[in-house]
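**Student:** next input, structure requested:
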Amino acid sequence: MQDSLSLMQFHDPYLYSGSAVSANLPLSSSHSFLPHRQDFVHTGDRCSGKDVPEFVDQAAAEVSGEQELAVSKEVHEGGGDAAVEEQDGAATARGEEEAHGVRMIALLMECAVAVSVGNLADANGMLLELAQMASPYASSCGERLVAYFTKAMAARLMSSWVGICAPLAPPCAAVHAAFRAFYNVSPLARFAYLACNQAILEAFHSKRLVHIVDLDVVPGGALQWLSLLPALAARPGGPPLLRVTGFGMSASALHDTGNQLAGLASKLSIPFEFYAVAKRPGDVDAVAAVPSRRPGEALAVHWLRHAMYDAAGDDGATMRLVRWLEPKMLTLVEQERGGAPGDGGGGGAGHEHGHFLGRFVSALHHYSALFDSLGASRPADEDASRHLVEHGVLGREIGNVLAVGGPSRSGRDKLGCWQAELARHGFLRAGGAGRAQLVAGACPAGLGSTVADDHDGTVRLGWKGTPLYAVSTWTWCPSPHAQR
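**Tutor:** Numbers count the residues shown, from 1 in each chain. This is a model prediction of the structure:
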């Protein structure tokens with residue numbers, strides 16, 4: 001247990017609380033790499049050991065074959081023994097790095113299988129080996145990804161042994177700084193904000209009194225609304241009176257957000273009011289928390305649902321608050337992590353559902369694309385902003401998805417489930433014609449970002465074809481069957 005505990009200390013401490021769970025499990029101090037090449041085939045809820053296809057050897061052979069072709073080409077074009085030796089050395093180094101990556105992923109997968117079937121002793125030994133193989137400061141995106149998955153898996157083992165394992169709540173200033181860095185480093189956050197802001201501008205193009213309720217203003221700070229204000233100021237006929245109500249867990253962060261927005265609104269001559277609600281929307285009485293509606297006021301609700309921490313509180317209570325507000329427009333931003341085999345299919349927060357192994361595979365696919373996108377945006381090995389994002393945002397999300405299992409995990413429902421839930425509460429899809437084209441036009445050419453527009457108006461943002469975020473817009477349309 002102490003060995004796994006030490007694996008989680010390269011960044012921040014975790015809280016542990018004892019329980020009646022067994023604490024006298026045999027722990028292996030070392031673990032040979034892929035010792036028996038075993039796989040576990042699911043039969044119902046149990047697993048049986050079978051010989052694994054030699055996927056590691058096959059992958060290594062493919063890498064080796066590719067390297068031989070590359071070396072052969074370089075020798076043919078190089079001319080001279082010195083050039084051949086130099087190219088040989090470079091090709092060997094590349095081959096070793098790729099083989100190292102294959103070994104790490106294979107061992108990480110075997111560790112996930114061991115965790116899923118309760119073989120915690122073997123999993124602990126594999127995690128110790130992975131901790132020696134992967135560093136969160138490595139130049140390789142894959143190695144950094146493995147380091148964060150290793151930490152999250154170690155936390156899950158501690159949860160199984162001790163009973164409770166929850167990360168210490170990060171300081172609000174650190175959360176704000178990490179999300180600001182994410183906004184600056186990754187285009188994905190900016191694209192999501194752009195899609196939401198465009199929907200609000202279209203819905204309220206002639207309204208003179210606009211009220212926006214942001215259910216989680218702290219992570220993004222004022223970044224989203226700072227980009228909306230200039231568009232409102234440039235509106236034909238002049239800007240509207242803008243009211244913003246922001247929910248968040250930090251009163252000081254909300255105060256800073258209000259000051260930033262008020263300062264820009266003053267410069268742009270926009271009448272502006274800001275209301276801070278230092279609580280989670282799922283934990284408060286809606287009537288007491290939200291300022292009273294004014295006659296003729298057009299209201300929009302913005303809901304960012306993510307996996308880093310439970311920002312909104314109880315989702316059912318938050319949904320009731322949104323229903324009570326009866327907004328003209330609801331903008332919903334969700335992480336796309338669907339599609340793990342056996343995990344129920346695609347769409348929405350797929351790896352938040354189902355058994356651990358399905359969540360693991362889906363999460364690995366999702367965060368591989370995210371880490372790759374960050375590596376392309378910030379290729380420098382020593383880039384501090386990229387590390388801040390990986391540690392302060394993505395690493396914590398991975399920990400929440402993998403380590404903090406069970407009903408306490410936030411963001412558990414898939415997009416398909418949320419569509420049905422919103423429909424039950426009287427919401428209908430709002431059209432999004434042209435929104436994807438607008439976002440696509442803002443994408444840097446050749447970087448790898450992808451934008452797709454579903455038939456229902458959902459804008460899906462991704463990296464090299466892998467969907468990562470979904471932005472959908474809804475309008476409240478009461479019916480006799482709507483759930484109140």
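**Student:** please name the nearest non-neighbouring residue to Ala251.
**Tutor:** Ala278 (4.0 Å; CB to CB, 6 or more residues apart in numbering). Backbone N, C-alpha and C define where each C-beta goes, glycine included.
**Student:** in this structure that neighbour contacts Thr245, no?
**Tutor:** No: assessed by CB atoms under 8 Å, Ala278 is found out of contact with Thr245, at 11.8 Å.
**Student:** more neighbours: these two, which one.
**Tutor:** Thr245 (22 against 17; other CB atoms under 10 Å).
**Student:** that one should be in a strand, yeah?
**Tutor:** Yes: using DSSP: H, G, I helix; E, B strand; the rest coil, the assignment for Thr245 is a strand.
**Student:** give me the phi and psi for the residue nearest to Ala251.
**Tutor:** The phi/psi pair for Ala278 (degrees, to the nearest 10) reads phi -80, psi 60.
**Student:** the strands in the stretch 251-400 of the chain, which residues?
**Tutor:** 272-277, 298-305, 329-335 (DSSP state E, counting those that start in this stretch).
**Student:** redo those as TSV? Include mean neighbour count, mean pLDDT and distance to Arg378.
**Tutor:** Output for these, formatted as TSV (neighbours: other CB atoms under 10 Å; pLDDT from 0 to 100; distance: least, CB to CB, whole Å):
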stretch	mean neighbour count	mean pLDDT	distance to Arg378
strand 272-277	19	95	33
strand 298-305	23	91	23
strand 329-335	24	89	21
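**Student:** closest to Ala423 out of those strands?
**Tutor:** strand 329-335 (12.2 Å; CB to CB).
**Student:** which outside residues touch the closest one?
**Tutor:** 192, 196, 199-200, 203-204, 299-307, 322, 348-349, 366, 397, 411, 415, 418, 422, 427, 430, 468-476 (CB atoms under 8 Å, 6 or more residues apart in numbering).
**Student:** picking that back up, so who does the residue nearest to Ala251 touch?
**Tutor:** Gly248, Met249, Ser250, Ala251, Leu254.
**Student:** list only those of these flagged as buried.
**Tutor:** Gly248, Met249, Ser250, Leu254 (16 or more other CB atoms under 10 Å).
**Student:** and the last one, what does it touch?
**Tutor:** To tie it back to what came earlier, the one meant is Leu254. Counting by CB under 8 Å, 6+ apart, Leu254 has contacts Val217, Val218, Gly246, Gly248, Ala276, Val277, Ala278.
**Student:** mind doing that once more with 6 Å?
**Tutor:** Gly246, Gly248, Ala276, Ala278 (CB atoms under 6 Å, 6 or more residues apart in numbering).
**Student:** going by distance to Phe182, which of those wins?
**Tutor:** Nearest to Phe182 among the contacts of Leu254: Gly248, at 16.8 Å, using CB to CB.
**Student:** now, the contacts of strand 329-335 that are in helices?
**Tutor:** Ala192, Cys196, Ala199, Ile200, Ala203, Val322, His366, Glu397, Leu415, Trp418, Leu422 (DSSP state H).
**Student:** among those, who's most crowded?
**Tutor:** His366 (28 neighbours).
**Student:** quick check: it vs Val401, distance?
**Tutor:** The spacing between His366 and Val401, counted by CB to CB, to the nearest Å, is 9 Å.
**Student:** mind listing what Glu336 touches?
**Tutor:** Going by CB under 6 Å, 6+ apart, Glu336 touches Pro467, Leu468, Tyr469, Ala470.
**Student:** any idea what the first one is bridged to?
**Tutor:** Residues in a beta bridge with Pro467, per DSSP bridges, are Gly462.
**Student:** burial measure for it, as a count.
**Tutor:** 22.
**Student:** do I have it right that it meets Arg460?
**Tutor:** Yes: look at Pro467 against Arg460 with CB atoms under 6 Å: they come within range, at 4.6 Å.
**Student:** list the helices and strands the longest helix anywhere in the chain packs on?
**Tutor:** Longest helix of the chain, by residue count under DSSP H: helix 81-116. On a contact count with 3 or more CB pairs under 6 Å, 6 or more residues apart in numbering; DSSP states H and E, helix 81-116 meets helix 55-78, helix 120-133, helix 141-162, helix 356-377.
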